[in-house]
Each structure stands twice: as structure tokens, then as C-alpha cells.
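Visitor: Please work out how this folds:
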Amino acid sequence: MDEQTAINELIRRLGARDAEAVEETSRQLASFGQAAVEPLTGVLSGSDRWQTVNAVGVLEQIGGRGVARVLLNLRKHPHPIIRMVAAKSIGRTGDYRSARGVVVWLEDERDANVQCWLVISLARLCGARAFNTFVGLIDEVCDNIVRNTIIQVLGEMGDRRAVTIIQHYLADPDHHIRESAKEALARLGHVTGGTVG
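Guide: Predicted structure coming up:
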């Protein structure tokens, strides 16, 4: 069996509902590396959501610039689960050059779960270089889940400039936001209310 035939057969198996079989199939597909990227891209617009989600997972394992571009193209996919999986995976590609595309997607995205994964992926791709982006977004986001994620990411970055920004959220009406602010400040070594955190 030639390489292309083997790749196509493995892609067909990505729609299986057996987690162990899909895991093995994904591992085998990822071993083909860049040779599997184009055939996997063809699956992403298909109607089988399982196959699409699993194809995104394989692309994540392959990683690299070409994969990041493919995942960014899923930002307009009609199904939020597909967008969420792609948003999660793009941060694991290791392609920091895709960061601008992630920011654009984040600005356009309306689903809070997808936005959270975009925030996490941007932090993975850029680390502290994304600090100003997160500071600019924290008050713009409409959903507390996303704001909460940004606060957590700012705390994990370790940049002490975040202290004054995060302190503002200690008085937030949302309990989860207040707790995340306390935890983020503790990570940054800032004392609140007489104790750290």
C-alpha cells in the first residue's frame, strides 16, 4: 500500500466511535507528518463531526506553521465544538507566527468557550509577549468565563504589571472572578487582605 492510500484509509477510520481505535489511528496518521496535512484538511469541511474533531487532534500532533494556518481557517466553522477544538489545538502547534490570526479570531468569536481556548492558546504561543493584548481585552470581553480565563493567564505569566489590573477584580460582583483574582495575585506574590492570595 502506498503512502497516500495508507493515509486515506487511516483518515476514514477517524470517524470511529471507539476511543482506543481512534487513538491508535491518530498516532499512525501523525507519524506521516506533513504528508498527512493536506488529506486531513479535506476532512475538516465534512459532515462527520467525530471525524473532524479527530482530524484536528491529528493536526495538533503534527504541529507546525502549515497546521496553524489550517486550524485558523476553522474560525468560521458553523459548529462551535469544531471551533473550540481548533482553538485549543492551535496553541499546541508551537507556531507563534499564528498569534496575530488567533487575536483576530478572538476579536470576532462570540462563543465564550471558544474564546477561552483562544486566550489559552495565545498565552501558549506568545507567553509574556501577549501581555498587552490580554490587558486590552480584559474589559472588552462580555463573558465572565473569558474574563476569568484572562485573569488566570495574567497571573500565570508572572508579570508584576498585572497586579494593578487584577486588583480591580477583587471587588467584582462575580465570586469566580474574585477568587481567580486572589489566586492570580498570589501567583504574582502580591499580598491581599493581610495574607498572600
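Visitor: So what touches the helix or strand harbouring V58?
Guide: Assigned by DSSP states H and E, V58 belongs to helix 49-62. Identification of contacts with helix 49-62 by CB atoms under 8 Å, 6 or more residues apart in numbering yields 11, 14-17, 22, 25-27, 29-30, 33-34, 36-37, 40, 43-44, 46, 67, 70-71, 74, 79, 81-82, 85-86, 88-89, 92-93. All C-beta spots, glycine's among them, are computed from the backbone N, C-alpha and C.
Visitor: what's the helix or strand just after it packed up against?
Guide: The first helix or strand that comes after helix 49-62 along the chain, using DSSP H and E, is helix 65-72. Applying 3 or more CB pairs under 8 Å, 6 or more residues apart in numbering; DSSP states H and E, we find helix 65-72 packed against helix 37-43, helix 49-62, helix 80-90, helix 99-108.
Visitor: chain center to stretch 108-124: distance?
Guide: From the chain centre to the centre of stretch 108-124 is a distance of 6 Å (CA atoms, centre = their mean, to the nearest Å).
Visitor: Return it as CSV; C-alpha atoms alone will do.
Guide: The C-alpha trace of stretch 108-124 is given here as CSV (Å, rounded to 0.1, in the frame of the first residue of the first chain):
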residue,chain,number,x,y,z
ASP,A,108,-14.5,38.0,16.1
GLU,A,109,-15.5,35.0,18.1
ARG,A,110,-18.8,35.1,20.0
ASP,A,111,-18.8,31.7,21.8
ALA,A,112,-17.3,32.0,25.3
ASN,A,113,-15.8,28.5,25.4
VAL,A,114,-14.0,29.1,22.1
GLN,A,115,-12.8,32.5,23.3
CYS,A,116,-11.4,30.8,26.5
TRP,A,117,-9.4,28.4,24.4
LEU,A,118,-8.1,31.2,22.2
VAL,A,119,-6.9,33.0,25.2
ILE,A,120,-5.1,29.9,26.5
SER,A,121,-3.6,29.2,23.0
LEU,A,122,-2.4,32.8,22.7
ALA,A,123,-0.7,32.5,26.1
ARG,A,124,0.9,29.2,25.0
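Visitor: All good on my end, thank you.
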